[in-house]
Every structure is written in structure tokens, then in C-alpha cells.
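> Provided below for reference: sequence and predicted model.
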Amino acid sequence: MLSRIAESLFWIGRYVERADGTARILDVHLERLNQMPRPVQRDVSRQLLGVMGSRPESDDFGLPELIEALAFDRSSATSIAGALGAARENARRARETVSGSVWEGLNTTWYGLTQHRKDVVGTYRFCHWVIERTAMVRGLSDTTMSHDESWQFLVLGRSLERADMTARMLSTRDVHASGLSWVNMLRCAGAYESFLRTRRASFGEQHAAQFLLLDRLFPRSIVYALSDAEKCLANLNPAYQRVGFINDASRIVGQARTFLEFHQTDDLMLELPEHMERVQKACARASDAVSRTYFSQAAELSWVGEVS
Amino acid sequence: MSELFEDYATVARRTVAYDEMFDGANQPRAEYGPVAAALEELNLTDVTARADSMARTFLDRGVTFDFAGEERPFPLDIVPRVIAGSDWDVLERGVAQRVHALEAFLNDVYDRMTVVSDGVIPRRLITSSAHFHREVAGFDPAGGVRVHISGIDVVRDDEGTFRVLEDNVRVPSGVSYVLENRRAMAKGLPEAFGQQHIRPVEEYPRRLLAALRNTAPPGVEDPTVVVLTPGVFNSAYFEHTLLAGLMGVELVEGRDLICRGNRVYMRTTAGEQRVDVIYKRIDDEFLDPLQFRADSVLGCPGIVNAARAGMVTIANAVGNGVADDKLVYTYVPDLIRYYLNEEPIIANVDTFRLEEPQAREEVLDRLDELVVKPVDGSGGKGLVIGPDASAAELAALRGRILADPRGWIAQPVLQLSTVPTMSGGQFGPRHVDLRPFAVNDGENVWVLPGGLTRVAMKEGSLIVNSSQGGGSKDTWVVDGQSDSTPVLPDEARLRERVSVWPVETGWRDRQPEQQQQQSDDGKGQADA
């Protein structure tokens, strides 16, 4: 397939997952933020924006500004609206490759972005709507596209972004003075029920963090998402090798996952920030490596003249 | 008739145009019978709800055109435009005839120009056409076809006779709306579909792909076809994606292509892949910076050389624009006689050649009653309708004509035929044109039944271009009314069951046993 299209698909996967993750994070934190006194609220808002990877433009940054920056700001790829807009734009460019229903799903979602009230209550509804729409797009892409190269790129982008988003979710617990309750953290990832059923009696934040970080069967856990990405990379480049990896992305993702899986610790909570930072870095580096391998085009257009 | 048609006859009488739905006695014509019956049942609320839902579907599916950087749905009217099968058969032959003649003309123009030496058309007329490209003279395109896809615009005059308004053999667009309109109409006006046979349009992409593959460079076993688009900002981008998608081929931009050794490749995730046929949707001038505009980044350097070497087929061929020059258009009836030895099946619209002094004089006297068009324009650009123009506009036009008589033609103001169209809560007569699409695979010219009907949304307006507020109608070619449901042949209904699975001994006998087993299991679970 065309490199340009592959890149579009990779980014559709990333942006849709980013919108989903951001909606989940925003939803849970809005609930907490609302109950805080103004000055704390402003403080936490700023930090939260920092965790999501951007910086407030002015000093006057409170809850309404946070909502604008994370939910409705179309000009920034960090916000839900921005990510969905970018996903739609990429799908428009790859429209003959994605299935009609995926394109339509993204297109109607994009048109629906303006149909929401931008206050706190409206934002709750908006977040839920986004979670629903992105789930629909994921479902449609899984069931209406051939699981060939094009789909692998889509899932690769999705998995890398998912690992990154879960890492950010875990990082956000530090922005609250009292810490985000582990129940909320699990709810954020939609993992609450799964966790309860798996762990039965063993409650506590240590276990919750472990679940989101290391569980091998829960799809939004970091280890699961990273191994999904590894599988995609292997499918994209099936050449069997006896020794090592020639593919940079495979190496980066594999290293990150195995480190987490084989690492032993007494106090996971203490190390959590470092782990999260490393996971986010690995995702960014893997994304770059994928771009270099599959998407980069010789920038200069040169004509090779010849005698015929 | 329904309340929605209350004022129709009164409004229709204000113009001399031929109305396609109602005859002089205000009765629906035979071919419109089922449509009239379906519309009869609807009231304003129904029609509005259906129109809204059709517009919504178009927006969701992204059936849009780009207008001033904004995506707009292409307005589709709920009343289809119906053409009787017998009328269409003539039109179809006429379009195919024209395509054959233009194909022969182009081959000649870029070869020995016998048409000039035989005195049919002046040489200066060809060489002064803005789209005559010397760069592609002197070689036969790989596959031997130049006009793979064409759109021959026709209109009906006040007698109802079809006439050719212009030829489009460069990059005719609009076929995607034909395909989408039919899908939308099946949901918007389902009542009218049942009682008649409407010739289907969905085979277009298959025909197109077959034609493109058929004209691949010789010796290529399984040709790779691509659609070359200028990119997402082009007004017809939707059409490019739709056609590439329906044909199942890659949609490439210039930067995806690379030429090496007179071969064209595309950059894929698995390295470079050879391209054999390019369905070109960009203008010639932007195709190859080595031959044409050096500042173009939409094309790919070297592509014309590859075509010259016969290593790649470009559809439509470069340089076709000379054949749809509006001044050459006036010679097409002669070209048909010259190349095919036939009489033209569809007549031209009477046209003044402004470079002839006598015609020019007459036109300049009657500027306020004629339509004046630039010879190389498209999309209604630069066109001046005399009766609607102000004195200042006419004076400016006069100056431009005198400065460049070769650049203009003039035609009488043609009252295009009208079809009922929803507007302001009423059906009113609106002017329409028609663009049938023809696909030439080198052996046959196939004409898509129907084509794109564009409609001017304002009463009395003759401008149907989408960029100037025009809409479209689904175009139905109908073959009589079918009263009875088609009877399936007996053997189709009674298909014998043939088993291909290996016979499991006694599986029939064990079925009751298994069912028993399952219901026992069910009970067991309920108990636990």
C-alpha cells in the first residue's frame, strides 16, 4: 500500500484512541475538580493539562479553560475535538482505503462535535458521547476492514496511543493533593469491574496500579497494549530472523514491555512516575521509528535523466 | 395534481422552454407516469422530510464538493429527470459517434494532420488552441486510446430536441454524483422504483476499470491502475476517492509517484511498485514539471516521457484539450462526416465563430441577446449571458472580443428544457442540462445510461454549475412500465439441494438425541 496512506491509517488509529483516552480522563477528573475550592481547582487544572502534554497559554487558567483545552479546542491535537478532527482529515485522505462505514463514522462524529453544550454538565455528556463514538469507529474498523497491512497500521497506532494514554491516566493521580482514588482510576480506564472480578478481595491502589500497568489480559493495560503493538509490527514485517531485531520500533516496544514485565519491586507506587515517563517516551520513540521505516519519502523530487 | 403542483402550469407558461414532465395540456408525459403517481401521494411535510434526510445522508457520507474551502453537500432534488428508453437509444448512439470522431481527430492532430491538408479545419485554429500540446505530438499513446472517459454535454431546445452544447474530453467530472444520486433516490423516492425498469448505473466503475486495464501498455500481464488526484483540496476530491474506492485501486498524489528509466512507480510500504495505467484527474499543465509548468508540485517529473516511451498509459491522454476547444466544437459535425463518413446524430447548437469578420460584426450588433463563451473555459467561467448583462459588462465584453476574437464564441440564448424542482415549498419548472458519460475501452464506446443532470435552482436561471448554486437530479432512463412482477423461471425457484459436505453416517438420527442433551444441559445450569 502507499506509504502516505499507511501513515494516514496509523494516525487515524492514534487520534481516535487519543480522543477516547482524553474523554475518559476528563470525565473522571471533572467530577473531582468540581468539588474543590477555586484556588486548588486552578492549580490542579494547570497540572492536569501538563500531564496531557500541553501548557496553558495564559496565567488565567481554570476549569472552563481546562475544558476548552482538553475537549473543544479544535486547533490543538491534544483536545478531543482536535484529535477527532485530525482523525477525520486523515480518513478523508485515505478514504478509498478505509471502509465506507469507518469513514462515515468519523465524518458524522466530526459533524456532531458542534452539537454539545460547553459547560460542565454538557462536557460530561460530551465525554460519554465521544467514548461511544470512538468505540463504534473501533468496532467498525475491526469488522469491516480486511485485517491486512492497512488494518495493522491502524491497530499499531491505536495500541501505541493506548499504552501512552493509560500511562497518562496513571500519572494524573499525582495531580490531586490527596491522590485520585484508585476506584476512579480504574473507572477511568473502564477497568473497574474487570479488576474486581480478577482481584476479588485484594483492594488497594498498589493492586489497581499493577492491574493497569501489568495485567496480561486486560486490553487497556500497558503491557497488553504494548504486546499488541509488537504483534502488529511482527505482522507488518514477517521476515523471520534468528537473531535480534532489525526493526527499531520492535526493539523499543519490546524493551519497554519486557522491562515492565520482568521488573521486581517492593513499592510500585513509588516508582510509578518513572515507569510512566519511560512508557510515554518509548511510545513516542516507537512512533518515530515506524515513521522512519514505513512512511518517510525521499523529500527531494529529482529527475534521473537517461539516454534512451 | 397534488397541491405542490398548484402553480406549476402558470409559472411554466412564463417561458417558452420545453417542459420534460408535462405536455402542452398540462398532463404528465408517458415516461413520467410512475413518478407523477408517486409525487401525487406526497404533501409538503413528506417532501421536506425526505429532502432533509437525503441532504443529511450526503453530508454524512461526505458527498460534497469544495466551495471556497468549505465542503458542501451537492444539492439533490427529489424529482428525478426521466428520459424515455427510445429517446435515450438515439442519444447514446449520438454520443458514441461523437467520441469516435473526436478520438480520430486527436489521433490525426498529433500525427499527420490530414484533416488540415484536406481543408476541413484551418491549421491555425488547431495550433492556436491553448490546449494543443506539441510535447505529445508524434507518438501513439500506449493502448491506442486517447479519449477513455468523456462527458458530452447535451441540452434540449424548446422543441425538446437534444443538442450538443459542448464536449469534455480532458477531465470530465460528475460521475460520482450519478452513482450517489441513485443510491439516495432509492431511499428518497422508493415508490417510483417499483413500477418501471430503470437502467442501472452501478456498473460504471467496473466498466471504467475494464477499459483502463484494456488499454494498458502491451505486454503487461496484470496491469496496475491508479487514480492520480491533485489532492484533498481539489473540488472534485470526493469523486476521486469514490472512483478509486469502487475500482479498488490506489488513489495517488503526484508525490507518491516517481519516474525512473521511463517507468512510473509508486512509493509503497513494500518499496516501489510499477504503475501501468494512470487515470489522470489533474490538468495537463500540472502533470509534468519537465514538460509543462515547471512550478507544479502536483504532478511527477518524467511522466510524459514515460508515456512517450509507451511504458505507461495516461487516461485521458495529454493534449486532449484541443478537441474540446469551443471553436473546434463548431467543426465537429464536419469532423464526423470527414472521419466516420456519417451524418451527425445529435446536432450542435448554432454557434458564431467570432474570428470570422462577418459573424463577428453580427454578434457585436446583437451582443445583448446572445450568450458569449470563452473557448477554453469550463464550469461556466467567463460566460456572459447577453440579456442578463449590464451595459458596462457588455462594453467590457466587446473590448475583450475585439482584442482576441479567437478566444470567444457566441450562441443564441437557449431556453434549456425544464423539469419540476422543489423550491420554496412548491414544485416549479427549473432549467436542466445533461452530461452523459462515455467510456472507451479501445474496442467499444459504452455510454452510462442517464448521466448527470444539473439543475439551476433559481427560477429562470440558465446557469446550472454547482459552483454557482446549481443542484442535480437523478437521471432515469426508463423502458416502459412493468405492471407485473417478473416471473422467475421454474428451475430458479426449485433449486435442488445438493450436499457437498461429506456424509456423516446417521447424523440425522442423532439430531433428536443431541437436542435432548442440550435441553438437559440448560436445566443443569438453571439448577446450579
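Looks like it arrived, so ask away. Numbering: from 1, shown residues only, chains lettered A, B, ... in the order given.
> distance of the residue most central in space within chain A relative to residue A:18?
By CA atoms, centre = their mean, chain A has its centre lying nearest to residue A:161, at 3.2 Å. Distance, residue A:161 to residue A:18, using CB to CB, to the nearest Å: 5 Å. Quick note: C-beta positions are derived from backbone N, CA and C, even for glycine.
> ok, residue B:208 next?
38 Å.
> report the longest helix in the chain, please.
Going with chain A. helix A:3-34 (DSSP state H).
> that's the wrong chain, I wanted chain B
Assigned via DSSP H, chain B shows its longest helix as helix B:85-109.
> which residue does the stretch 1-150 of chain B bring closest to chain A?
Closest approach between the stretch 1-150 of chain B and chain A, counting by CB to the nearest CB: residue B:60, at 4.8 Å.
> what helix or strand is that residue on?
helix B:44-61 (DSSP states H and E).
> where does the stretch 351-500 of chain B have low pLDDT?
B:377-380, B:466-467, B:481-496 (pLDDT under 70).
> so which residues of it form strands?
Assigned by DSSP state E, counting those that start in this stretch, the stretch 351-500 of chain B shows strands spanning B:352-353, B:370-374, B:384-385, B:408-412, B:418-423, B:426-435, B:437-440, B:445-447, B:452-456, B:470-473, B:475-481.
> to residue A:12, which of these lies closest?
Residue A:12 lies closest to strand B:470-473 among these, at 30.6 Å (CB to CB).
> what's that closest one in contact with?
Contact with strand B:470-473 is made by B:74-77, B:79-81, B:177, B:181, B:419, B:421, B:432, B:452-457, B:463-464, B:466, as judged by CB atoms under 8 Å, 6 or more residues apart in numbering or on different chains.
> before we move on, back to that, what helix or strand is the residue nearest to the centre of chain A located in?
helix A:149-171.
> what's the distance between the very next helix or strand once past that helix and the middle of its chain?
Later in the chain than helix A:149-171, the nearest helix or strand by DSSP H and E is helix A:182-188. With CA atoms, centre = their mean, to the nearest Å as the basis, helix A:182-188 stands 17 Å off its chain's centre.
> what's the burial count for residue A:265?
Counted with other CB atoms under 10 Å in any protein chain shown, the neighbours of residue A:265 add up to 11.
> one more: residue A:96?
With other CB under 10 Å as criterion, residue A:96 counts 22.
> quick check, it in a helix?
No. Read with DSSP: H, G, I helix; E, B strand; the rest coil, residue A:96 is coil and lies in no helix.
> which ones are touching it?
B:241-242, B:244-245, B:249-251.
> buried set for the helix or strand where residue B:36 lies?
Assigned by DSSP H and E, residue B:36 falls within helix B:33-40. The neighbour-count check on helix B:33-40 (16 or more other CB atoms under 10 Å in any protein chain shown) flags B:33-36, B:38-39 as buried.
> likewise for stretch B:452-462?
B:452-457, B:459-462.
> what residue, apart from its backbone neighbours, is nearest residue B:3 spatially?
Leaving aside its sequence neighbours, residue B:3 sits nearest to residue B:43 (CB to CB, 6 or more residues apart in numbering or on different chains; 6.9 Å).
> any idea how many residues pack against the one you found?
10.
> chain A contacts on chain B?
Residues of chain B lying close to chain A (CB under 8 Å from any CB of the partner chain) are B:59-62, B:232, B:237, B:241-242, B:244-245, B:249-253, B:255-256, B:258-262, B:266-270, B:290, B:297, B:300-302, B:309.
> from the residues you listed, keep the buried residues only.
B:59-62, B:237, B:241-242, B:244-245, B:249-253, B:255-256, B:258-259, B:262, B:266-269, B:290, B:300-302.
> show me what the helix holding residue A:161 is packed up against.
helix A:3-34, helix A:120-144, helix A:182-188, helix A:205-214, helix A:222-236, helix A:268-290 (3 or more CB pairs under 8 Å, 6 or more residues apart in numbering or on different chains; DSSP states H and E).
> so which of those helices is the most packed in?
helix A:3-34 (a mean of 24; mean count of other CB atoms under 10 Å in any protein chain shown).
> before we move on, back to that, packing partners for the helix holding residue B:36?
Partner elements for helix B:33-40 (3+ CB pairs under 8 Å, 6+ apart): strand B:475-481.
> show me what counts as buried in the strand it packs on.
So for strand B:475-481, counting by 16+ other CB under 10 Å, buried means B:475-479.
> got the contact list for residue B:438?
B:95-96, B:99, B:149-152, B:445-448.
> partners of it in the sheet?
Assessed by DSSP bridges, residue B:438 has beta-bridge partners residue B:150, residue B:447.
> roughly how far apart are it and chain A?
24 Å (CB to the nearest CB, to the nearest Å).
> now do stretch B:299-317, average pLDDT.
The average pLDDT for stretch B:299-317 rounds to 92.
> pull out the buried positions in it.
Here stretch B:299-317 shows B:299-308, B:310-317 as buried, counting by 16+ other CB under 10 Å.
> next: stretch B:370-377.
B:370-376.
> export that stretch as PDB, just CAs?
What follows is stretch B:370-377, C-alpha atoms only, in PDB (Å, rounded to 0.1, in the frame of the first residue of the first chain):
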ATOM      1  CA  LEU B 370     -26.600  36.200 -27.200                       C
ATOM      2  CA  VAL B 371     -24.500  34.000 -24.900                       C
ATOM      3  CA  VAL B 372     -20.800  34.600 -25.300                       C
ATOM      4  CA  LYS B 373     -18.300  32.000 -24.000                       C
ATOM      5  CA  PRO B 374     -14.600  31.700 -23.800                       C
ATOM      6  CA  VAL B 375     -13.400  28.800 -26.000                       C
ATOM      7  CA  ASP B 376     -11.300  27.100 -23.300                       C
ATOM      8  CA  GLY B 377     -13.400  27.800 -20.200                       C
END
